[in-house]
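Participant: Sequence below, structure please.
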Amino acid sequence: MASFDDEYRRSSFSAKICRVCGDEVKDGDNGQTFVACHVCAYPVCKPCYEIAGDDEEENNGPDDSDDELNIKNRKDSSSIHQNFAYGSENGDYNSKQQWRSNGRAFSSTGSVLGKDFEGERDGATDAEWKERVDKWKARQEKRGLVTKGAQTKDQDNEDDEEEEYLDAEARQPLWRKVPISSSKISPYRIVIVLRLVILAFFFRFRILTPANDAYPLWLISVICEIWFALSWILDQFPKWFPINRETYLDRLSMRFERDGEKNKLAPVDVFVSTVDPLKEPPIITANTILSILAVDYPVNKVSCYVSDDGASMLLFDTLSETSEFARRWVPFCKKYNVEPRAPEFYFSEKIDYLKDKVQTTFVKDRRAMKREYEEFKVRINSLVAKAQKKPEEGWVMQDGTPWPGNNTRDHPGMIQVYLGKEGAFDIDGNELPRLVYVSREKRPGYDHHKKAGAMNAMVRVSAVLTNAPFMLNLDCDHYINNSRAIRESMCFLMDPQLGKKLCYVQFPQRFDGIDRNDRYANRNIVFFDINMRGLDGIQGPVYVGTGCVFNRPALYGYEPPVSEKRKKMTCDCWPSWLSCCCGGGSRKKSKSSDSKKKSGIKSLLSGLRRNKKKKSDAVARKRSTEAIFDLEDIEEGLEGYDELEKSSLMSQKNFEKRFGMSPVFIASTLMENGGLPEATNTSSLIKEAIHVISCGYEEKTEWGKEIGWIYGSVTEDILTGFKMHCRGWKSVYCMPSRPAFKGSAPINLSDRLHQVLRWALGSVEIFFSRHCPLWYAWGGKLKILERMAYVNTIVYPFTSIPLLAYCTIPAVCLLTGKFIIPTINNFASIWFLALFLSIIATAILELRWSNVSINDLWRNEQFWVIGGVSAHLFAVFQGLLKVLFGVDTNFTVTSKGATDEADEFGDLYLFKWTTLLIPPTTLIILNMVGVVAGVSDAINNGYGSWGPLFGKLFFAFWVIVHLYPFLKGLMGRQNRTPTIVVLWSILLASIFSLVWVRIDPFLPKQTGPLLKQCGVDC
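Facilitator: Numbering: from 1, shown residues only. The predicted structure follows:
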């Protein structure tokens, strides 16, 4: 024990600094370093020890010493060193104290305390205890032991330490990758490999044992099964590396939003696209815009651009009303921190809205805001009612001028800025985010490329007006459900390491207004929670058209920056010819050429700035009518290089042919961190913005080919993301605990099938285009598993053909009495059993690591069959007609019923007839008739025919069960009679009728030998 105490004292006195006065602890009378306590070895000098001891003797009588000794004696000897009194110079103390046998107590800060600092505090309250501490400090200062300057210095040191801690915390990563636990993912991968092995043996058996009595059916079934296996491989292996990601919003704020400093968060331009306000309700679009304007982000760094591709005055007036209502709604949201910040969905939430609310004015303000929102809805509804019938002379604006968009196919470009620095402020006088209405020019004879063309127009307008480095893309029915969603994406995009290599951050889609059972798999949980997380572990998720934050340079067709690799250690003693043979010379040449290109781009931008500064006075005089930069200025930036370098730079950055004839837009592409050039005249920018949305601007440029949203498919989202990944960009999948965005989805069967038809048609168009992942950009920067995922996205519609054939085979087998599988022995049956078990095990383990419910997985499986035999099938034939013969076929939807407005999900039972319903309806009827025919045949043929029947019935019931949600939608409400009752009633009635006819109990049964009529030779 002595050795331990010695070691403890030596370690404690290594600094030899008194914790009371700050002086060095000098040697005592015996020549050794002074030690006040040989037990704890607390560092205190001898003068402080003696003065504090005198102070204790003056204030404490003999009774106090006895009390202390009594207290000491009452304590257990094992707890002597467990009670300490921790204190600091700012008066914060802890009620722990160390006791000594002589009645003195030493605080952990080095001060020698008397009875005022007893461990039990004599029952004193916190206020009395603080008063004692202050008195003791005053006595210490009076004796010159502790000075105010020392206190201030210590306080400053504490502040510095706190600031250093915050700086260190801010330097921590803004996000982290959370891999799936090996206990969950390893068995999943093992089962996938085992399933592959089982498939190989299964196909070996299927091919080597044909059904000779039903050879055509056997051949078709084997072909279908091989296709299904290939489709499963394309879908399964991109899910090999699933991951999760976490973000740290507090670190983002500490790094870019420090108190007393300028906010360094990057600006964001938000795009909202709409076409027809009569089909896309204006009140839904208004809610989306209000959620954007109230987002938790610096207001001067958010700009909202609304694209009206239908040139509707209804939307124009709706935005005017919305901007006025936003002056009250935005401060209410930020004052009380409400979620979500779309008023329609906030006020309709069936939750306790008083939870976590402590401000007494909240209830009053909420009621007033709800009343104002209802009045706002009435004004919007009146605008919608007025827009139902267009006047003969066309729409007229409030100032009496005709609406420029009266002809939706022939009108000029229109831009209107509602809110912003020059617009209105909220009712508290605070600035609001900018709100801009955009309607691009349309003329007959031009291909406007639908949504993709509208998105590219907004990219150019935003580059001219605000030029934020990041862009958020939302559909008009997708509102911001999490006000911190933009901050979530900035944790990735503003990361110094990862951010420069990211083309976009994709959020999952979540939906409102879907029935509890999700009959038609509208939530698409399997895709968003399993497939997308798997892709996030490879090169990133695919772009799904909405809820995505883009990096602007990625949309401009640039390649991601290449991280510099560490130079290899080489020897200069090798001959030059050997280094050339080994490729060293070519690498050196390529590096030098790359450096020349980089330096050329930098000089180009610096040349622009120099010319702008030199001509600032001249440019200022003509800013109102001319652009910021001339193309001649850009060319002057290339001076000082030889012709080879100049031609190389101009061939790569031929701005006119690449971006179009807009010097302002070209200058914006050279701004590395976004923003507008200095001394920009905003009055001239509107004119330039009108120019970049003209219908002829994209002619002879790379817009839609290599830049922006890519043309050539109705699913421009898949194509656009694919091009970025081919260039080497990465994407990230962000899944915050509170869904970032929410939208609406069609819950009606016909509408849902038409939505799936459009997606499948886009995939077929990509398959027949030059951008098909099967052959595009091989040898590039697209990873093989990522390519497999893209191949799966464009091949899946063709699965409809084998799926339709496979769903027809059970009915044909039941009607003909033949089967696709011959009689098998016990050993061969093992492969069938192993295959089914591996399928079940794969599904269970997938649900285990993804936390997806089995109901979501089953609904997804059911709709895969429903969509495969209907919408996907039509998409294949429609795509073939469009690609091969140029025939564009449109399917019209005719309503055959009405919704029940008293029911929240009335649209679920709404029946709309469409040709998409014919194939699945036919399959259901065929299989039900086959079941009846098979059962009746088994009854007629006796006991021996029931064995082969079970295999046929299994496949037939597999088809009927998968098509059951379709049958429910086909039958509608049926006076609220459960469809399952109607279905089973018909099936059982048919079987019972056939059995009854077979038994025929009312006719007398003939007994004795069977008599036959004799013929001529009897």
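Participant: and the gap between residue 970 and residue 933?
Facilitator: Using Cβ to Cβ, to the nearest Å, residue 970 is found at 22 Å from residue 933. For glycine as for every other residue, the C-beta is placed from the backbone atoms N, C-alpha and C.
Participant: Kindly apply the preceding question to residue 761 instead.
Facilitator: Applying Cβ to Cβ, the value for residue 761 to residue 933 is 37 Å.
Participant: Neighbour count for those two, which is higher?
Facilitator: residue 761 (23 against 17; other Cβ atoms under 10 Å).
Participant: I'd say the more buried one and residue 880 touch.
Facilitator: No: with contacts counted by Cβ atoms under 8 Å, residue 761 stays clear of residue 880, the gap being 10.7 Å.
Participant: Just the helices from the stretch 201-350 of the chain, written as ranges.
Facilitator: 215-236, 249-256, 282-293, 313-336, 343-347 (DSSP state H, counting those that start in this stretch).
Participant: Output these as JSON lines; include the columns distance to residue 395.
Facilitator: As requested, the helices of the stretch 201-350 of the chain are exported to JSON lines (distance: least, Cβ to Cβ, whole Å):
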{"stretch": "helix 215-236", "distance to residue 395": "50"}
{"stretch": "helix 249-256", "distance to residue 395": "45"}
{"stretch": "helix 282-293", "distance to residue 395": "15"}
{"stretch": "helix 313-336", "distance to residue 395": "4"}
{"stretch": "helix 343-347", "distance to residue 395": "26"}
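Participant: most packed of these?
Facilitator: helix 282-293 (a mean of 25; mean count of other Cβ atoms under 10 Å).
Participant: For that one, C-alpha coordinates in CSV please.
Facilitator: Extracted in CSV, the C-alpha atoms of helix 282-293 (Å, rounded to 0.1, in the frame of the first residue of the first chain):
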residue,chain,number,x,y,z
PRO,A,282,-54.1,24.5,-57.3
ILE,A,283,-54.6,24.1,-53.5
ILE,A,284,-52.2,21.2,-53.5
THR,A,285,-49.6,23.2,-55.4
ALA,A,286,-50.1,26.1,-53.1
ASN,A,287,-49.4,23.8,-50.1
THR,A,288,-46.2,22.6,-51.7
ILE,A,289,-45.1,26.2,-52.2
LEU,A,290,-46.0,27.2,-48.7
SER,A,291,-44.0,24.3,-47.2
ILE,A,292,-41.0,25.5,-49.3
LEU,A,293,-41.2,29.1,-48.2
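Participant: Counting by contacts, list what it packs against.
Facilitator: Counting contacts by 3 or more Cβ pairs under 8 Å, 6 or more residues apart in numbering; DSSP states H and E, helix 282-293 is packed against strand 268-274, strand 302-308, helix 313-336, helix 343-347, helix 362-387, strand 479-480.
Participant: And the helices of the stretch 201-350 of the chain: which comes nearest residue 482?
Facilitator: Taking Cβ to Cβ, helix 282-293 is the member of the helices of the stretch 201-350 of the chain nearest to residue 482, at 9.7 Å.
Participant: Could you dump the helices and strands packed on helix 282-293 into CSV and include mean pLDDT?
Facilitator: Below are the helices and strands packed on helix 282-293 laid out as CSV (pLDDT from 0 to 100):
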stretch, mean pLDDT
strand 268-274, 94
strand 302-308, 94
helix 313-336, 92
helix 343-347, 92
helix 362-387, 92
strand 479-480, 94
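Participant: could you dump the ones you listed to a markdown table with distance to residue 424?
Facilitator: What follows is those, written out as a markdown table (distance: least, Cβ to Cβ, whole Å):
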| stretch | distance to residue 424 |
| --- | --- |
| strand 268-274 | 19 |
| strand 302-308 | 14 |
| helix 313-336 | 6 |
| helix 343-347 | 18 |
| helix 362-387 | 16 |
| strand 479-480 | 21 |
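Participant: Quick check: which of the ones you listed is nearest to residue 730?
Facilitator: Here strand 268-274 is closest among the helices and strands packed on helix 282-293 (Cβ to Cβ), at 19.7 Å.
Participant: Quick one, which of the helices of the stretch 201-350 of the chain gets closest to residue 420.
Facilitator: helix 313-336 (10.0 Å).
Participant: The closest one packs against which elements?
Facilitator: By 3+ Cβ pairs under 8 Å, 6+ apart, helix 313-336 packs against helix 282-293, strand 302-308, helix 362-387, strand 414-419, strand 434-439.
Participant: Extract the C-alpha set from it and format it as PDB.
Facilitator: Output in PDB follows, covering the C-alpha atoms of helix 313-336 (Å, rounded to 0.1, in the frame of the first residue of the first chain):
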ATOM      1  CA  MET A 313     -53.800  32.200 -65.500                       C
ATOM      2  CA  LEU A 314     -55.300  30.100 -62.800                       C
ATOM      3  CA  LEU A 315     -51.900  29.100 -61.400                       C
ATOM      4  CA  PHE A 316     -50.600  32.700 -61.900                       C
ATOM      5  CA  ASP A 317     -53.500  34.000 -59.700                       C
ATOM      6  CA  THR A 318     -53.000  31.100 -57.200                       C
ATOM      7  CA  LEU A 319     -49.300  32.100 -56.700                       C
ATOM      8  CA  SER A 320     -50.400  35.700 -56.100                       C
ATOM      9  CA  GLU A 321     -52.800  34.500 -53.300                       C
ATOM     10  CA  THR A 322     -50.200  32.100 -52.000                       C
ATOM     11  CA  SER A 323     -47.500  34.800 -51.700                       C
ATOM     12  CA  GLU A 324     -50.000  36.900 -49.700                       C
ATOM     13  CA  PHE A 325     -51.000  34.100 -47.400                       C
ATOM     14  CA  ALA A 326     -47.300  33.200 -46.900                       C
ATOM     15  CA  ARG A 327     -46.700  36.500 -45.100                       C
ATOM     16  CA  ARG A 328     -48.700  35.100 -42.200                       C
ATOM     17  CA  TRP A 329     -48.100  31.400 -42.500                       C
ATOM     18  CA  VAL A 330     -44.300  31.500 -42.600                       C
ATOM     19  CA  PRO A 331     -43.800  33.400 -39.300                       C
ATOM     20  CA  PHE A 332     -46.400  31.200 -37.600                       C
ATOM     21  CA  CYS A 333     -44.500  28.000 -38.600                       C
ATOM     22  CA  LYS A 334     -41.100  29.400 -37.500                       C
ATOM     23  CA  LYS A 335     -42.500  30.800 -34.200                       C
ATOM     24  CA  TYR A 336     -44.000  27.600 -33.000                       C
END
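Participant: Having no further points to raise, I will conclude here.
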